[in-house]
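Q: fold the stuff below for me.
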Amino acid sequence: MPSAPSPVSPVTARKTWRTVEPLHGMVYFAPEAAESYRRLGLEGQSGYFASRSAPMGAVSAGTVVATFYNFAPSLVARSMNGLWANVAPSDVLFARREAAAAALARMLGPAADTDDVALAADLAARAALRACERTEGRPLFAGHAGLPWPETPLERLWHAQTLLREFRGDGHIAQLVNHGLDGIEALVLHQATGELPVSFLRQTRGWTDEEWADAADRLRGRGWIRPAATPEHLALSEEGAAVRQDIEVATDRLSVYAYEAIGEEGCDTLRGLARPFSRAVVDSSGLGT
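A: All right, here's what the predicted structure looks like:
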């Protein structure tokens, strides 16, 4: 017997996540976060790796490599070396949440304490709580799902979107594995779409030029990217574009479960509420733009 149609389409799931995502993603670029980690003795990218992995406990660099997926293992090892001997995951989590609240309050100004924030938080939380019913196969998400919920609407909105982002992210990794893409190959395939500047991908992920070129060669061997004059100018082949589309569509489909809690109408309302907040975050350079 065929299953009932989903009350939320995969396209709606993607649009809703993308609209609200700046409210979560800003924590990776906000100066409040970097400063809070420095006070704990975490320098460079150690704060990023520690703060995002802390919900899983004092995990090894190998666990971070596996769950973050597309960062160079050498970068993760340098950033995580001896980290948990000097700082507790609970302290990092407290610093992260305080920094997120302070950064959003600064970026949104008077809008941070409005009914619209509270309404958006309630809708996002309903979706996130439904996602928490399905932690299996999503280790990074499961760690975040076990954290206590904040009390203020602004922090609840940030926490809810964090959960929805990690829920989607673990599903995306499952699709990369299913398509036989390792971490750097996934980055090179993303580069070939032209959606992000290659300088950003290279500067933040830690792979060497040789490793990048080798990954590009492997993808050319599979027929997924077209030959190019330089590693900086790559393009998807027709087959590569189809693979990339398959991955994105499947990721959207795996994200639907969470948004079924609020339906198409709730998703539309959440996007409408969050859109000016997300725009304010981007305009205040909260995403490094």
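Q: distance of the residue nearest the centre of the chain relative to residue 17?
A: In the chain, the residue lying closest to the centroid (CA atoms, centre = their mean) is residue 165, at 5.0 Å. Residue 165 sits 7 Å away from residue 17, taking CB to CB, to the nearest Å as the criterion. (Glycine included, C-beta is placed from N, CA and C.)
Q: in what helix or strand does the residue nearest to the centre of the chain lie?
A: helix 153-178 (DSSP states H and E).
Q: next secondary structure after that helix?
A: Sequence-wise, the next helix or strand downstream of helix 153-178 (DSSP H and E) is helix 183-193.
Q: which secondary structure elements does the very next helix or strand once past that following helix contact?
A: Downstream of helix 183-193, the next assigned helix or strand under DSSP H and E is helix 198-205. Using 3 or more CB pairs under 8 Å, 6 or more residues apart in numbering; DSSP states H and E, the elements in contact with helix 198-205 are helix 183-193.
Q: packing partners for the helix it packs on?
A: Helices and strands touching helix 183-193, by 3+ CB pairs under 8 Å, 6+ apart, are helix 198-205, helix 209-221, strand 225-226, strand 235-236, helix 238-259.
Q: going by mean pLDDT, which of those comes out lowest?
A: Least confidently modelled of the helices and strands packed on helix 183-193 is helix 198-205, at a mean of 79 by mean pLDDT.
Q: and the angle for it with helix 209-221?
A: Helix 198-205 and helix 209-221 are oriented at 120 degrees to each other (axes from the mean of the first three to the mean of the last three CA atoms, to 10 degrees).
Q: send the alpha carbons of helix 198-205 over as CSV?
A: The C-alpha trace of helix 198-205 is given here as CSV (Å, rounded to 0.1, in the frame of the first residue of the first chain):
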residue,chain,number,x,y,z
VAL,A,198,37.3,28.3,-4.5
SER,A,199,39.4,30.5,-2.3
PHE,A,200,36.8,30.1,0.5
LEU,A,201,36.7,26.4,0.2
ARG,A,202,40.5,26.0,0.2
GLN,A,203,41.2,28.4,3.0
THR,A,204,38.8,26.9,5.4
ARG,A,205,39.1,23.2,4.8
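Q: the strand or helix carrying residue 97: which residues count as buried?
A: Element membership for residue 97 (DSSP H and E) is helix 89-108. Using 16 or more other CB atoms under 10 Å as the test for burial, helix 89-108 gives 89, 92-93, 95-97, 99-105, 107-108.
Q: wait, the residue nearest to the centre of the chain sits on residue 27?
A: No. Residue 165 lies out of contact with residue 27 (CB atoms under 8 Å); the separation is 10.5 Å.
Q: any residues touching the lowest-mean-pLDDT helix or strand in the chain, and which ones?
A: Lowest on mean pLDDT, DSSP states H and E among the helices and strands of the chain sits helix 198-205, with a mean of 79. Residues outside helix 198-205 that contact it (CB atoms under 8 Å, 6 or more residues apart in numbering): 70-72, 75, 184, 187, 190-191, 212, 232.
Q: mind listing what the residue nearest to residue 105 when sequence neighbours are not counted touches?
A: Counting by CB to CB, 6 or more residues apart in numbering, the nearest residue to residue 105 once its immediate chain neighbours are dropped is residue 112, at 4.8 Å. The contact partners of residue 112, by CB under 8 Å, 6+ apart, come to 104-105, 154.
Q: out of those residues, who's nearest residue 169?
A: Nearest to residue 169 among the contacts of residue 112 is residue 104, at 20.5 Å by CB to CB.
Q: distance of the residue lying closest to that closest one once chain neighbours are set aside from residue 106?
A: The shortest distance from residue 104 to any non-neighbouring residue, by CB to CB, 6+ apart, is to residue 154 (5.6 Å). Using CB to CB, one obtains 11 Å as the distance from residue 154 to residue 106.
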